[in-house]
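Student: Quick one, what's the 3D model for this:
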Amino acid sequence: MADNIKIEWDKIHNIIDKYNSNPENLLMIMQDITHMYNYVPPEILPLIQKKLNVDESLIYSVATFYKTISLEPRGKHIVNVCTGTACHILGAQKIMDAYKEKLNIEEGETTKDGMFSLEGVRCIGCCASGPVITVDNEIHGGLDQSKALKVIGTYEQPSEKCAVKEEG
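Tutor: Numbering: from 1, shown residues only. Next comes the predicted model:
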C-alpha cells in the first residue's frame with residue numbers, strides 16, 4: 001500500500017511555498033499534503049520542520065490533534081461514523097459494529113488491501129439525519145446497519161461512486 005509511495009517533492013515544496021512557509025499555516029500545509037496521500041508521510045516531516053522553522057513537537061501536536069490528519073497510511077476511502085449523542089442514540093454503534101465485522105478491522109485501522117480506514121468521530125453536524133457517516137467527506141444519513149453496508153458496497157466497486165445523500 002503506502003510502503004512504496006513516491007513522494008512528489010516538487011509538489012510538497014509548492015504547497016509549503018503557497019503558504020509562504022508561514023508556521024501559522026502548518027495545519028493547512030498538513031491538510032494539503034494529506035489530501036495528496038491520505039496521510040502525511042514521515043519523510044516529509046523534516047522538510048516541514050526546516051522550512052517553517054518549527055519544533056518537531058508542534059508538528060506532532062497538530063497531526064495528533066486533528067482527525068483529518070494522520071501520520072500513518074490510511075485507506076483509499078476514509079469512513080467516519082458519527083458517534084455523537086444523537087447518532088449514538090439512533091444506533092451508530094450498530095453501524096460501527098457492522099463495519100468492523102464486514103471490513104475485518106477495528107476503529108482506527110485500515111483494511112489489509114488499503115481500501116478502507118474506519119474512524120469514529122464525535123459529531124458530523126447532521127444530527128437530524130442520524131445516524132450519519134461520511135465516506136471521503138461525502139455525507140450519508142438516515143442509516144441502519146443494512147443501509148450502511150450498502151453504502152460501503154458502492155465504494156468497493158472501483159468504477160462507481162456513491163452519490164446517495166439521505167438513505168431511504
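Student: Name the SS class of residue 39, please.
Tutor: Of the three states, residue 39 takes coil under DSSP: H, G, I helix; E, B strand; the rest coil.
Student: wait, it sits on residue 74?
Tutor: Yes. Between residue 39 and residue 74 there is a contact under Cβ atoms under 8 Å: 5.2 Å. To be clear about C-beta, it is placed using only N, CA and C from the backbone, and glycine gets the same treatment.
Student: Would you quantify the distance from the residue nearest the centre of the chain to residue 108?
Tutor: Most central in the chain under Cα atoms, centre = their mean is residue 78, positioned 4.4 Å from the mean C-alpha point. Using Cβ to Cβ, to the nearest Å, we find residue 78 at a distance of 11 Å from residue 108.
Student: hey, what's in contact with both of residue 39 and residue 74?
Tutor: Shared contacts of residue 39 and residue 74, defined by Cβ atoms under 8 Å, 6 or more residues apart in numbering, are absent.
Student: still on that earlier bit, skipping adjacent residues, who's closest to the residue nearest to the centre of the chain in space?
Tutor: Once flanking residues are discounted, residue 78 sits nearest to residue 117: 5.1 Å by Cβ to Cβ, 6 or more residues apart in numbering.
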